[in-house]
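>>> predicted coordinates and the sequence they were generated for:
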Amino acid sequence: MTKAFRIHEYGGPEVLKWEDVTVGEPGPGQVRLRHTAVGLNFVDTYMRSGLYKLPSLPSGLGQEAAGVIEAVGPGVAGFKVGQRVAYGVGPADAYSEARLFPAERLVPLPDAIADRTAAAIMLKGLTVWYLIRRIHPVQKGETILLHAAAGGVGSILSQWAKHLGATVIGTVGTDEKAKIAKAHGCDHVIVYTREDFTKRVREITGGAGVPVVYDSVGAATFEGSLNCLRRTGLMVTFGNASGPVPAFEPATLAAKGSLFLTRPRLGDYVPTPEALNAAARELFDVVAGGQVKIEIGQTHPLAEAAQAQRNLEARKTTGSTILLP
């Protein structure tokens with residue numbers, strides 16, 4: 001039998017159940033994958049808790065993994081048995097030893113990208129791609145603000161933005177994480193637990209503010225982030241690590257300088273196989289070229305996914321966390 005995590009109700013990490021499952025033959029448009037590495041992400045905890053509702057319960061969990069194709073279903077072109085592949089968009093069931101998966105959401109892995117690296121970048125790295133290449137294309141000479149700069153997304157974004165010529169201001173919660181953020185390209189690091197990050201951003205920018213804030217923290221940083229923006233700046237809220245952003249009056253955006261606000265999802269930026277593969281190639285190029293180095297801060301056996309989630313939610317992790325089947 002194949003092992004996989006299932007949740008039968010929403011709640012804390014204790015609702016994750018390590019169960020025997022049957023993985024059948026792939027249907028039309030599907031492949032069967034044997035996972036080699038699985039990525040851990042905050043979105044997994046949102047789905048587990050019910051903040052983001054799953055289509056139905058019981059359900060699998062997890063959105064990012066690398067593996068090897070074991071079988072190919074009818075109508076699948078461009079993939080073959082034994083091929084290394086990865087994904088970061090698709091039905092939640094990555095916390096499993098093997099699974100069925102829609103081929104149109106798969107990306108072939110080049111030799112230069114190892115399985116563990118792929119499992120650390122397919123969701124996080126593609127998230128960075130749309131944040132800095134599509135939502136606000138980062139320009140040389142810009143100064144940007146990034147929260148959670150020592151995390152999986154943060155460490156990739158800071159390096160890539162630095163490669164593009166930006167000055168990166170990063171916020172973190174501890175001195176240890178400040179060192180990590182600095183090592184990954186942040187020009188200025190603010191320890192928000194003891195510094196007023198809004199005041200420091202204004203000081204660093206000579207009072208001007210920044211054109212864009214990338215905020216995955218949510219409730220705890222939202223208002224302060226708005227106050228860091230220059231006139232007509234863009235607030236990108238893409239996570240809820242401290243809880244969801246409370247409701248607010250849209251007129252607030254006008255009062256603070258005709259600001260823009262977006263709450264994006266990866267799937268809307270890679271809606272077709274062609275778009276997905278083009279984005280992945282751009283990501284793979286900067287990783288393989290060494291411009292973006294992937295920091296895997298922690299690895300756990302897949303069976304210990306519940307503890308890995310506890311560590312993530314307690315802000316005890318740095319870089320990416322990988323679960324190994």
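It's in. Residues are numbered from 1 along each chain as shown.

>>> quick one: Gly73 and Pro28, what's the gap?
Going from Gly73 to Pro28 by Cβ to Cβ, to the nearest Å gives 6 Å. For glycine as for every other residue, the C-beta is placed from the backbone atoms N, C-alpha and C.

>>> neighbour-wise, which of these two wins?
Applying other Cβ atoms under 10 Å to Gly73 and Pro28 shows that Gly73 carries more neighbours, namely 17 against 10.

>>> contacting residues around that one?
25-31, 103 (Cβ atoms under 8 Å, 6 or more residues apart in numbering).

>>> let's see 6 Å
With contact taken as Cβ atoms under 6 Å, 6 or more residues apart in numbering, Gly73 is in contact with 26-28, 30.

>>> nearest to Val107, of the residues you listed?
Distance to Val107, by Cβ to Cβ, is smallest for Gln30 among these, at 15.6 Å.

>>> show the model's pLDDT score for the nearest residue to the closest one once chain neighbours are set aside.
The shortest distance from Gln30 to any non-neighbouring residue, by Cβ to Cβ, 6 or more residues apart in numbering, is to Gly73 (4.3 Å). As predicted, Gly73 sits at a pLDDT of 97.

>>> how near is Gly73 to Glu25?
Per Cβ to Cβ, Gly73 is found 7 Å from Glu25.

>>> what do you get for Pro110?
Applying Cβ to Cβ, the value for Pro110 to Glu25 is 28 Å.

>>> looking at these two, which one has more neighbours?
Between Pro110 and Glu25, counted using other Cβ under 10 Å, Pro110 has the larger neighbour count: 14 against 11.

>>> from Val107, how far out is the spatially closest residue to the more buried one that is not a sequence neighbour?
Computed as Cβ to Cβ, 6+ apart, the closest residue to Pro110 that is not its neighbour in sequence is Phe284, at 5.9 Å. Going from Phe284 to Val107 by Cβ to Cβ gives 9 Å.

>>> neighbour-wise, which of those two wins?
Taking Phe284 and Val107 together and counting by other Cβ under 10 Å, Val107 has the greater number of neighbours (24 against 21).

>>> tell me which element the nearest residue to that one once chain neighbours are set aside falls in.
Nearest residue to Val107 in three dimensions, chain neighbours excluded: Ala280, at 4.5 Å (Cβ to Cβ, 6+ apart). Secondary structure from DSSP states H and E places Ala280 in helix 273-288.

>>> mind checking the SS state of Lys199?
Of the three states, Lys199 takes helix under DSSP: H, G, I helix; E, B strand; the rest coil.
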